[in-house]
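A.B. asks: A structural model of the following input is requested.
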Amino acid sequence: MTTLTGTGTLLRFALRRDRLTTPVWIAVNALMVLSMPNTLKTLYGTESERTHLVRQLGTNASFRALIGPLHDTSLGGLTAWRVGVYAGLLAAVTSLLIVVRHTRDEEETGRAELLASGAVGRRASLTAALLAALVANAVLALLITAGLAGQGAAGALSFGLGLAATGMVFATMTAIVAQLTESARLARGLTSALLGAAFVLRAAGDSATDDGSSPLTWLSPLGWLENLRPFAAERWWVLALFAAAVLVQAAVAYVLAGRRDLGMSFFPTRPGPAAGRLGSAAALAWRLQRGGVLGWSLGFFLAGIVFGGLTDGAADLVGDNANAREIFERMGGRSGLTNAFLASMVGMLGLVAALYVVASVLRLNGEETSGRAEPLLACAVGRLRWAAGHLAIAFGGSALIMLLAGLGFAVGYGKEVGPVLGACLVQLPAIWLIGGLTLLLYGVAPRLAPAAWGVAVAVLLIGWVGPALDAPQLVLDLSPFAHLPKLPGGETAWGPVLILTGLAAALTGAGLAGLRRRDLTT
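C.D. replies: Residues are numbered from 1 along each chain as shown. Predicted coordinates for the structure are as follows:
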């Protein structure tokens, strides 16, 4: 039996398990990219508007740090500029989740040991995980290439390949991290930190130069993606950097996989704290989720600083572009361009915070399906008290990260501290509503609990892409965020805020009632 025996079977099993989640991630990414040409044609349809955009980007380092440099003013070039970095981030996150799920998650739950007792090679699971990531990235590349072919075949192909290559760089990077760490949670956290570092390096480099030539940009795979220059005299040789990184990282992961015992790691988890330091279910929940809370808090604070620093330049960037102004007003209200920009950016952070609350609530599901909740509940800990600890982290943590986002806006913008803080905190009822729905799915039908990700992603798409596509108000109203006051600057309507808060409380109560009455998952 070779070390790759059973790879094909494991790959088919992995693709079957991911038949719902992975297509959703791919579809979201493809829709984000393919919706851009028509939107940008509306925003920058004339040569004067595009010339104004290039001139403003050349003098606005903050916007270059956020989005990247613009290499070409064609619709294809504008698309690659506007969503390239974020499509690369999404491809990397998709690959990260796939690889961790089919490597560390399998070992942590004991399924890998069961499979290893049969005719399965030592490196078969790692190979299947990387191939599953390759399939996902290849499908994304095909969709992007076909969808953007009308803007230029060469540019569409290079953009599609660049996104797929970015995903595979982080897939193989995750494969290394999965060998070094002993838990899936830590593997996801460390790889996410590396992805964040890649974004920061690219942002720092792009803020220093207007053509992506900074050494800091070249240190980041996201910088390689923009320096591939789709639709702008493509640099095909940059793909060799991606290929070299993928091959080297995959080789390292294979070597490490062959030198450790199943279920073990090179950096084992530290022993637990001494007796008495975890005296309650809430303390245990905090210990389990504190890394995520701290990471999200830091990210939102920094995002608030960046967006706040962009506010003064927003009016210059939009200029006399009526279409761009209309999009900001649809997202942030009609109380002036500056307030509309602030409200739209705060709303975007609220949409992202919904992803945090879903992940935090679903930690209950992870504890249950992994078998760790059952021994805890066998002691003098009731289900409601156990769930309350995690829900405090989920709902309280979302309040914390939005508060820190508001403080970041205050630091970056330097004006209107109170209104900006209020704008951030008014997002909480919609965030909590998503959290309550997640708890309801988990408490009543735990097999359907992952569907909460689909709800959160759908809300994110409605809030992010809907205004740009001029979606009907009926579609926009499907998102709870659409019913919140457009602050700062807008009229404070407390009715919708109270209704959303009440719905969140009702969903949370129904979810806890369902959890209390059903059997634990076996």
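
A.B. asks: just the helices in the stretch 101-250 of the chain please.
C.D. replies: Listed from the start of the chain, the stretch 101-250 of the chain has helices (DSSP state H, counting those that start in this stretch) covering 104-109, 111-116, 124-148, 153-180, 184-208, 215-218, 221-227, 238-257.

A.B. asks: mind putting these into JSON lines with distance to residue 472, mean pLDDT and mean neighbour count?
C.D. replies: Bear in mind the C-beta positions are built from the backbone N, C-alpha and C, glycine included. Putting these into JSON lines (distance: least, C-beta to C-beta, whole Å; pLDDT from 0 to 100; neighbours: other C-beta atoms under 10 Å) gives the following:
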{"stretch": "helix 104-109", "distance to residue 472": "40", "mean pLDDT": "77", "mean neighbour count": "21"}
{"stretch": "helix 111-116", "distance to residue 472": "45", "mean pLDDT": "67", "mean neighbour count": "15"}
{"stretch": "helix 124-148", "distance to residue 472": "23", "mean pLDDT": "93", "mean neighbour count": "22"}
{"stretch": "helix 153-180", "distance to residue 472": "29", "mean pLDDT": "93", "mean neighbour count": "25"}
{"stretch": "helix 184-208", "distance to residue 472": "34", "mean pLDDT": "84", "mean neighbour count": "20"}
{"stretch": "helix 215-218", "distance to residue 472": "40", "mean pLDDT": "90", "mean neighbour count": "18"}
{"stretch": "helix 221-227", "distance to residue 472": "34", "mean pLDDT": "93", "mean neighbour count": "26"}
{"stretch": "helix 238-257", "distance to residue 472": "40", "mean pLDDT": "93", "mean neighbour count": "17"}
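
A.B. asks: turn these into a markdown table, columns for distance to residue 417.
C.D. replies: Rendered in a markdown table, the data for these read as follows (distance: least, C-beta to C-beta, whole Å):
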| stretch | distance to residue 417 |
| --- | --- |
| helix 104-109 | 43 |
| helix 111-116 | 51 |
| helix 124-148 | 41 |
| helix 153-180 | 37 |
| helix 184-208 | 25 |
| helix 215-218 | 32 |
| helix 221-227 | 32 |
| helix 238-257 | 43 |
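
A.B. asks: between those, which one is nearest to residue 344?
C.D. replies: Proximity to residue 344, assessed across the helices of the stretch 101-250 of the chain by C-beta to C-beta, is greatest for helix 184-208 (20.1 Å).

A.B. asks: between the helices of the stretch 101-250 of the chain, which one is closest to residue 36.
C.D. replies: Residue 36 lies closest, by C-beta to C-beta, to one member of the helices of the stretch 101-250 of the chain: helix 124-148, at 9.1 Å.

A.B. asks: and the closest one, what does it pack against?
C.D. replies: In terms of contact count using 3 or more C-beta pairs under 8 Å, 6 or more residues apart in numbering; DSSP states H and E, helix 124-148 is assigned the packing partners helix 7-17, helix 21-34, helix 75-101, helix 153-180, helix 238-257.

A.B. asks: what would those helices look like in TSV with distance to residue 209?
C.D. replies: Rendered in TSV, the data for the helices and strands packed on helix 124-148 read as follows (distance: least, C-beta to C-beta, whole Å):
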stretch	distance to residue 209
helix 7-17	41
helix 21-34	25
helix 75-101	15
helix 153-180	20
helix 238-257	17
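
A.B. asks: quick one, which of the ones you listed is nearest to residue 512?
C.D. replies: Among the helices and strands packed on helix 124-148, helix 21-34 comes nearest to residue 512, with 25.8 Å by C-beta to C-beta.

A.B. asks: that closest one - contacts with which helices or strands?
C.D. replies: Checked by 3+ C-beta pairs under 8 Å, 6+ apart, helix 21-34 has helix 75-101, helix 124-148, helix 153-180, helix 451-464 packed alongside it.

A.B. asks: residue contacts, residue 161?
C.D. replies: Residue 161 makes contact with 141, 145, 239, according to C-beta atoms under 8 Å, 6 or more residues apart in numbering.

A.B. asks: again, but for residue 361
C.D. replies: Counted by C-beta under 8 Å, 6+ apart, residue 361 has contacts 390-391, 394, 435, 438-439, 442, 452.

A.B. asks: out of the residues you listed, which are inside helices?
C.D. replies: Secondary-structure check on those using DSSP state H: residues within helices are 390-391, 435, 438-439, 442, 452.

A.B. asks: out of those residues, who's the most crowded?
C.D. replies: When neighbours are counted by other C-beta atoms under 10 Å, residue 439 leads the ones in helices among the contacts of residue 361 with 32 neighbours.

A.B. asks: distance of that one relative to residue 188?
C.D. replies: Residue 439 is 22 Å from residue 188, where distance means C-beta to C-beta, to the nearest Å.

A.B. asks: ok, back up a step: figure out which of the helices and strands packed on helix 124-148 is closest to residue 295.
C.D. replies: For residue 295, the closest of those is helix 75-101, at 13.8 Å, according to C-beta to C-beta.

A.B. asks: and that closest one, what does it pack against?
C.D. replies: Using 3+ C-beta pairs under 8 Å, 6+ apart as the contact definition, the elements that helix 75-101 packs against are helix 21-34, helix 36-43, helix 61-67, helix 124-148, helix 153-180, helix 184-208, helix 221-227.

A.B. asks: so can I have TSV of the ones you listed showing distance to residue 97?
C.D. replies: Supplementary listing: the helices and strands packed on helix 75-101 in TSV, determined by distance: least, C-beta to C-beta, whole Å:
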stretch	distance to residue 97
helix 21-34	8
helix 36-43	24
helix 61-67	24
helix 124-148	9
helix 153-180	9
helix 184-208	7
helix 221-227	17
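
A.B. asks: so which of these comes closest to residue 460?
C.D. replies: Per C-beta to C-beta, nearest to residue 460 of those: helix 21-34, 7.9 Å.

A.B. asks: using the three-state scheme, assign the nearest residue to residue 369 once chain neighbours are set aside.
C.D. replies: What sits nearest to residue 369 in space, not counting adjacent residues and going by C-beta to C-beta, 6 or more residues apart in numbering, is residue 521, at 5.5 Å. The assignment at residue 521 comes out as coil when based on DSSP: H, G, I helix; E, B strand; the rest coil.

A.B. asks: i'd like the first residue to be 47 from this point on
C.D. replies: Okay, residue one is now 47; in that scheme the one you just asked about reads as residue 567.

A.B. asks: what number of residues lie near residue 567?
C.D. replies: 14.

A.B. asks: check residue 549 too.
C.D. replies: Number of residues near residue 549 (other C-beta under 10 Å) recorded here: 17.

A.B. asks: on contacts alone, who are the packing partners of the helix or strand hosting it?
C.D. replies: For residue 549, the host element (DSSP states H and E) is helix 540-563. Using 3+ C-beta pairs under 8 Å, 6+ apart as the contact criterion, the elements in contact with helix 540-563 are helix 429-437, helix 474-490.

A.B. asks: among those, which is nearest residue 211?
C.D. replies: Among the helices and strands packed on helix 540-563, helix 474-490 comes nearest to residue 211, with 33.0 Å by C-beta to C-beta.

A.B. asks: check contacts around residue 80.
C.D. replies: So residue 80 contacts 189-190, 193-194 (C-beta under 8 Å, 6+ apart).

A.B. asks: could you do residue 206 as well?
C.D. replies: Residues 186-191, 194 are the ones in contact with residue 206 under the rule C-beta under 8 Å, 6+ apart.
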